[in-house]
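Undergrad: predicted model, plus sequence, below.
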Amino acid sequence: MINGCGQRLVKRNKENKKIIGTWNIRTLLQRGKMQELAEQISETQLEILAIQEIRWGGTGLIKKQNYSLYYNGSSSKTGQAGAGFILLKKMQNYIIVFEPYNESLYKLRIKGKYNNITLINVYAPTEDHTKETKEEFYDNLQYLLDKKPKVTY
């Protein structure tokens, strides 16, 4: 198991399950970190991994042989924050949309057997941020939650 990675099983029946995890990886700026992350993920059963603190700037998609990385970070401060999702190759056909809301909030919609699934990945401000920054973050999160579809077929 990856140290610090929470794993959650979302199960409808034996034939249709998605294994989802989350991990604050602290940085992908260091040389070889992306390869190290890929190797660690391959040792798990995770199909979707929400990652935080990648510290890359901009928005993008990196497609590799066994997985894809959807990411978004600050457009002005490379080396801070940033997050995204890593999906195994077999999950690619299920992606409806990856939608970064800002450098702290990201939404991924995937097709489900019975209903579509919305995953929201957050990188929340820590205690040392101002009250205004935290309130703005939670207002934006609430907006994103209110905006998600309630039921889709």
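TA: Good, I have the coordinates. Numbering: from 1, shown residues only.
Undergrad: show me the strands in this protein, by range?
TA: 6-13, 16-24, 48-52, 59-63, 67-72, 83-88, 95-100, 105-110, 117-122 (DSSP state E).
Undergrad: okay, those strands in a markdown table with distance to residue 39 and mean neighbour count next?
TA: For every residue, glycine as well, the C-beta is placed using N, CA and C. Listed next are the strands of the chain as a markdown table, based on distance: least, C-beta to C-beta, whole Å; neighbours: other C-beta atoms under 10 Å:
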| stretch | distance to residue 39 | mean neighbour count |
| --- | --- | --- |
| strand 6-13 | 17 | 11 |
| strand 16-24 | 14 | 17 |
| strand 48-52 | 13 | 23 |
| strand 59-63 | 16 | 12 |
| strand 67-72 | 11 | 22 |
| strand 83-88 | 12 | 24 |
| strand 95-100 | 23 | 16 |
| strand 105-110 | 23 | 21 |
| strand 117-122 | 22 | 18 |
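Undergrad: quick one: contacts for residue 145?
TA: residue 120 (C-beta atoms under 8 Å, 6 or more residues apart in numbering).
Undergrad: quick one, grab the pLDDT at it.
TA: The model reports residue 145 with a pLDDT of 87.
Undergrad: and for the one 3 residues further on?
TA: At residue 148, the pLDDT value in this model is 64.
Undergrad: now residue 9
TA: 54.
Undergrad: so where's the chain uncertain?
TA: 1-16, 77-79, 148-153 (pLDDT under 70).
Undergrad: rebuild the strands of the chain as a markdown table, extending it with distance to residue 128.
TA: Below are those laid out as a markdown table (distance: least, C-beta to C-beta, whole Å):
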| stretch | distance to residue 128 |
| --- | --- |
| strand 6-13 | 24 |
| strand 16-24 | 16 |
| strand 48-52 | 17 |
| strand 59-63 | 26 |
| strand 67-72 | 23 |
| strand 83-88 | 19 |
| strand 95-100 | 24 |
| strand 105-110 | 20 |
| strand 117-122 | 17 |
